[in-house]
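1. 3D, please:
(2 chains)
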Amino acid sequence: MRVGLFIPCYIDQFYPQVGIATLQLLEKLGCNVHYPQGQTCCGQPMANSGFKHLTGDCNRLFTEHFSTYDYIVAPSGSCVLHIKDHLHVAGNEAAATHIRQRIYELSEFLTDILQVKHLRAKFPHKVGIHQSCHGQRGLHVSQMTELVAPPFSKPRQLLELVDGLELVQLDRADECCGFGGTFCVFEEAVSVKMGKDRVADHVHNGAEYITGNDVSCLMHLEGILRRQKSPVKVLHIAEILNNE
Amino acid sequence: MDTAIKDHASLAEQFNTDEPRVNWHDETLWWVRQKRDKIAWTIPEWETLRETASRIKHNVLGNLHQYLLEFEQQALKNGAVVHWAADAEEHNRIVLQLLQQQGVQRIVKSKSMLTEECHLNPYLAANGIEVVDTDLGERIVQLAKEPPSHIVLPCIHKKKEEIGDLFHEHLGTPAGNADPQFLTAAARAHLRKEFLQSRVAITGVNFAVAETGELVVCTNEGNADMGAHLADVHIACMGIEKIVPQRRHLGVFLRLLARSATGQPITTYSSHFRRPKPGQQLHIVLVDNGRSRQLGREDFRNSLKCIRCGACMNTCPVYRRSGGHSYHNAIAGPIGAILAPNLDIRQYADLPFASTLCGSCSNVCPVKIDIHQQLYKWRQVITQEGQAAASKTAGMQLVTAVLSRPGLYRLAGRAGRWVMRVAPGLVNNRFNPWYKQREMPPPPHSSFAAWYKKNRR
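-> Below you'll find the predicted structure:
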């Protein structure tokens, strides 16, 4: 199984450790992982800001880099959802369709494709899960509190395999953190207030770490935690699942 | 609140200067969302019910022309007078004319978001007719000279103490009395007098049944009934999308409406108005005001399925923390943000961006409107129609240029991280909105791509 590793731009630049953990975890689980050099961005920052018409070159680049893999995996639900919903390339639509159908967010790839039942991971800490909206409501990696439907959570399913890890219960299980792409700067006041409220929910319920499957949300929450000089830390789910 | 700055971000920032108040607003509405969840879970077929409602409305929107004609025919047969208004102005003119025929100067009106949308009250006031809103929440904001901040809970932004002060000033209640039961009794006495004196009553319409020509008006206070039953003339104002094909379809919508809105099993009063009583006149004003245009926009057509329950507002994490007035439109929140650009794309160009696209709104919507998808699509339309700020367009073009060229991207990333390490003040300053209340991520020495090159091949 040839897996193409998609490391979104801001993870590449600011959170290389998340990329490394994702790569090591997939290798540990027996995947033949390759990171195509020259990849940049999925185009979401432009599209969500109303500039979808500027994403042509990003789409072309993405399709060139990832069209030959059996699966494409990324440690970000949001970027994966964007590709799934919006990747189209005139003249190369077959390749774009292949990618749209074969791209997975890391945790759903682990539970649905690799069907991971055991992990050699240890993390003796209290952890809160931040359900990032695009992974949850877009990719359905977990059930949503708005719907009358049986609960499930792929990230939770994986974290429960980790030795010593204790999950904390939140007051609001799946409220948005307020990152929202360029929303975080254009609507700074509301964005920060939403982030502060999310952080408070985790802290109040005793979390030592906040984890999730979108680094963008975690970056936003981390920015607030560090400004508050809080001892609570953020980690991407790959970093916990890869921790031995 | 100073609504001269008509921009969601600045109005929301203003709202956020009082954090305890934001917390109170957020928790109050979250409590309503929780009530909605609780009661939805008592109905095992909840999701099927939503799907059914959505499909009935789909049928309505696909056959609106026929249903409207059928409704008119039946309503005429019932003895009602039917008026057609192409836009807000015509609607207001029709209502004014009817009031002038009756020679009235003061009338009662129950909740109608349509008349808010048409700005009927100020129009009538300018023509010498005073409207008394009889929904308690509406009356409160009316006394405060403010627009409603929520379609179901118009004065949800007001604390009981503020309402006590308003009532003291306008209704003569004792100063400092903020007891909700006492204030409600005072409002009741005040409104009763208005009901008894008013010869004309305006009501909104929740559902109009094509099959029978009847109107259904839902209230918790019975104020629509008090007005309509006591008046010689009942004027019912409705958007043309309020049609349901048959009476039996009401069962679906009435089960969904109050549960989604407030977590009640049903509204206290769900009143059917079919024919005027002897000696009474019933006028029905059917208003388009942009709805036909929206119907023609395939991407946004489904927004007309809305039954005005307000569930999307209660669940919206942005609405709860920015307040209804920050949307500077009669209908606030996520649904307002997809309806308003159809009315005036320039004036409401900011609203589709007042969202993180979290998708919670679409999930609670009882008629399954894809609200967050429409927000995304409006963003594209707004930019395409040249409504984006020049600075934003320039910024996006620059970002695109970097992200479209792997070499430039690598270089820019390395340079950016270097600057953040050696001269953090260039990034961490007051011109950076991120840094205002958040730390920037610590810049690593190496990107993942560089690490991979060194450690794998």
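
2. Compute the first-to-last residue distance for stretch B:275-290.
-> For stretch B:275-290, the first-to-last residue distance is 29 Å (C-alpha to C-alpha, to the nearest Å).

3. And that stretch, how far out from the chain middle?
-> Taking C-alpha atoms, centre = their mean, to the nearest Å, the mean C-alpha location of stretch B:275-290 is offset from the chain mean by 24 Å.

4. From the rest of the structure, what touches that stretch?
-> With C-beta atoms under 8 Å, 6 or more residues apart in numbering or on different chains as the contact definition, stretch B:275-290 has outside contacts at B:68, B:72, B:75, B:78-88, B:91, B:94-95, B:98, B:114, B:117-118, B:205, B:208, B:215, B:231-240, B:273, B:342-343. Quick note: C-beta positions are derived from backbone N, CA and C, even for glycine.

5. And for A:Ala94, the neighbour number?
-> Residue crowding around A:Ala94 was assessed by other C-beta atoms under 10 Å in any protein chain shown; the count is 11.

6. Does it belong to a helix, a strand or coil?
-> Using DSSP: H, G, I helix; E, B strand; the rest coil as the criterion, the local structure at A:Ala94 reads helix.

7. quick one: it from A:Phe6, how far?
-> Between A:Ala94 and A:Phe6 the computed distance is 19 Å (C-beta to C-beta, to the nearest Å).

8. Can you select the buried ones from the contacts of stretch B:275-290 in PyMOL?
-> Filtering the contacts of stretch B:275-290 down to the buried ones (16 or more other C-beta atoms under 10 Å in any protein chain shown) takes a single PyMOL command:
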select buried, chain B and resi 68+72+75+78+80+82+83+85+88+91+94+95+98+114+117+118+205+208+215+231+233+234+235+236+237+238+239+240+273+342+343
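
9. Among the contacts of stretch B:275-290, which are located in strands?
-> Taking DSSP state E as the definition of strands, the contacts of stretch B:275-290 contribute B:81-85, B:208, B:215, B:233-239, B:273.

10. Out of those residues, which comes closest to A:Gln44?
-> In terms of C-beta to C-beta, no member of the ones in strands among the contacts of stretch B:275-290 lies closer to A:Gln44 than B:Gly239, at 35.3 Å.

11. Contacts only, for that closest one.
-> B:Gly239 sits in contact with B:114, B:287-289, B:291, where contact means C-beta under 8 Å, 6+ apart.

12. again, but for B:His272
-> B:214-216.

13. domain assignment for chain B?
-> Structural domains annotated on chain B: B:43-289, B:403-452, as defined by automatic domain parsing.

14. Now the residue of chain A most remote from its centre, what are its backbone angles?
-> Relative to the C-alpha centroid of chain A, counting by C-alpha atoms, centre = their mean, A:Gly91 is the outermost residue, at 29.9 Å. A:Gly91 adopts backbone torsions of phi 90, psi -10, taken as degrees, to the nearest 10.

15. what pLDDT does it get?
-> With respect to pLDDT, A:Gly91 scores 93.

16. so how far is chain B from it?
-> When distance is defined by C-beta to the nearest C-beta, to the nearest Å, A:Gly91 is 17 Å away from chain B.

17. so what's the closest residue to B:His91 other than its chain neighbours scoring on pLDDT?
-> Spatially, and ignoring its direct neighbours in sequence, B:His91 is nearest to B:Ala85 (3.8 Å; C-beta to C-beta, 6 or more residues apart in numbering or on different chains). Per-residue pLDDT puts B:Ala85 at 98.

18. Where do the strands of chain A begin and end?
-> Residue ranges of the strands in chain A, as given by DSSP E, are A:2-5, A:32-34, A:71-74, A:103-105, A:126-130, A:166-167, A:209-212, A:233-236.

19. export stretch A:39-56 as PDB, just CAs?
-> Presented in PDB, the C-alpha positions along stretch A:39-56 are these (Å, rounded to 0.1, in the frame of the first residue of the first chain):
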ATOM      1  CA  GLN A  39       3.800  20.100  -2.200                       C
ATOM      2  CA  THR A  40       2.500  23.400  -0.700                       C
ATOM      3  CA  CYS A  41      -1.100  24.000   0.200                       C
ATOM      4  CA  CYS A  42      -4.600  22.700  -0.400                       C
ATOM      5  CA  GLY A  43      -5.900  26.100  -1.300                       C
ATOM      6  CA  GLN A  44      -8.400  26.300   1.500                       C
ATOM      7  CA  PRO A  45      -7.200  29.700   2.900                       C
ATOM      8  CA  MET A  46      -8.100  31.400  -0.400                       C
ATOM      9  CA  ALA A  47     -11.300  29.400  -1.000                       C
ATOM     10  CA  ASN A  48     -12.800  29.900   2.400                       C
ATOM     11  CA  SER A  49     -12.100  33.600   2.100                       C
ATOM     12  CA  GLY A  50     -14.200  33.800  -1.100                       C
ATOM     13  CA  PHE A  51     -11.200  33.500  -3.500                       C
ATOM     14  CA  LYS A  52     -11.800  30.000  -4.800                       C
ATOM     15  CA  HIS A  53     -11.100  31.300  -8.300                       C
ATOM     16  CA  LEU A  54      -7.400  31.800  -7.200                       C
ATOM     17  CA  THR A  55      -6.900  28.100  -6.300                       C
ATOM     18  CA  GLY A  56      -6.300  26.800  -9.800                       C
END
